[in-house]
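Chemist: Output the structure for:
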Amino acid sequence: VLYKDRLAAQFDTVDCVKNVFKINPLLFFRGEIPLYYERALTPKLSIELGIGVTYRNYLALSFVGDDADDFGAGTKIIPRLSFHIAPRFYFQDDLEPQGFYLQPEFAHLQYSKEISLKMDTTGVFTGESLLDERTYDDLRLLAGYQILSGSSNWMVDFYGGLAVRSRNMVVVKENHDVTAETYTYTVTETSDVIPAIFLGVKFGVGF
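Modeler: You can find the predicted model right below:
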């Protein structure tokens, strides 16, 4: 009881790191730039919130049920907001948010691009366009280890885990008829639920 009381008293001091801002540079390749904020609520519990913006997904390959963005003319990337919310449970009592943890998380991601319709192989556009949009809602279970530098307030957060991903995808496919030298377009909407795997690292500063 005395230990718990002393820990609670130390946790409330102004010198104790209870807030952390973090970035995840590896998500750049997945087409997301989020900023995370973690707030320690107790020596074992914190909450992490994230908000960001999505753009071109460089890792959108066929094995994840997506396709690579067209880097050519006629494809306009539409930035969308993304957000994350997660309680985080640390396995040991600590004055600051560090150590091994378990984290259930909800994340919402949306990738949008506007596809301009081509008239023919000369590259002339018709002036019309179609919206290609992929919406992902994730329920994730992550485990990781966060460590605070012994000489500064910099933090490193290593994590990995699994997720159930609900996808709603409006996919625009461009078809090129070589013989007629024309383009046709098909729009397919699908919804499904798939598993997903996560592995990454975040860098942050606490205060």
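Chemist: so where do the strands sit in the chain?
Modeler: For the chain, applying DSSP state E gives strands covering 19-23, 32-40, 45-54, 75-78, 80-90, 99-118, 125-148, 154-177, 182-206.
Chemist: Can I get those in a markdown table including mean pLDDT and mean neighbour count?
Modeler: From N, CA and C alone the C-beta is placed, and that goes for glycine too. A markdown table is the format used below for the strands of the chain (pLDDT from 0 to 100; neighbours: other Cβ atoms under 10 Å):
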| stretch | mean pLDDT | mean neighbour count |
| --- | --- | --- |
| strand 19-23 | 97 | 19 |
| strand 32-40 | 97 | 18 |
| strand 45-54 | 97 | 18 |
| strand 75-78 | 91 | 14 |
| strand 80-90 | 98 | 17 |
| strand 99-118 | 95 | 18 |
| strand 125-148 | 95 | 16 |
| strand 154-177 | 93 | 16 |
| strand 182-206 | 94 | 13 |
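Chemist: which residue packs closest to residue 139, ignoring adjacent ones?
Modeler: In space, residue 139 comes closest to residue 164 once its chain neighbours are excluded; the distance is 4.9 Å by Cβ to Cβ, 6 or more residues apart in numbering.
Chemist: how far away is that neighbour from residue 110?
Modeler: Going from residue 164 to residue 110 by Cβ to Cβ, to the nearest Å gives 18 Å.
Chemist: mind listing what residue 146 touches?
Modeler: 97-99, 101, 155-158 (Cβ atoms under 8 Å, 6 or more residues apart in numbering).
Chemist: who's it bridged to?
Modeler: residue 99, residue 157 (DSSP bridges).
Chemist: Please apply the same query to residue 188.
Modeler: residue 171.
Chemist: pretty sure it contacts residue 168?
Modeler: No: using Cβ atoms under 8 Å, residue 188 is not in contact with residue 168; the gap is 11.8 Å.
Chemist: With distance to residue 85 added, can I get the contacts of residue 146 in a markdown table?
Modeler: Listed next are the contacts of residue 146 as a markdown table, based on distance: Cβ to Cβ, whole Å:
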| residue | distance to residue 85 |
| --- | --- |
| 97 | 16 |
| 98 | 21 |
| 99 | 21 |
| 101 | 15 |
| 155 | 20 |
| 156 | 22 |
| 157 | 16 |
| 158 | 21 |
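Chemist: out of those residues, who's nearest residue 125?
Modeler: Using Cβ to Cβ, residue 157 comes nearest to residue 125 of those, at 45.0 Å.
Chemist: picking up where we left off before, any idea how far residue 145 is from the residue nearest to residue 139?
Modeler: From residue 164 across to residue 145, the span is 24 Å (Cβ to Cβ).
Chemist: Kindly report the same for residue 199.
Modeler: When residue 199 is compared with residue 145 (using Cβ to Cβ), they lie 13 Å apart.
Chemist: hey, what's in contact with both of these two?
Modeler: Common neighbours of residue 199 and residue 145, using Cβ under 8 Å, 6+ apart, are residue 159.
Chemist: Could you tell me which residues make contact with the most centrally placed residue in the chain?
Modeler: Ranked by distance to the mean C-alpha position of the chain (Cα atoms, centre = their mean), the top residue is residue 32 at 5.8 Å. Contacts for residue 32 (Cβ under 8 Å, 6+ apart) come out as 52-55, 82, 109.
Chemist: do residue 143 as well
Modeler: Applying Cβ under 8 Å, 6+ apart, we find residue 143 in contact with 100-103, 159-161.
Chemist: Alright, calling it a day.
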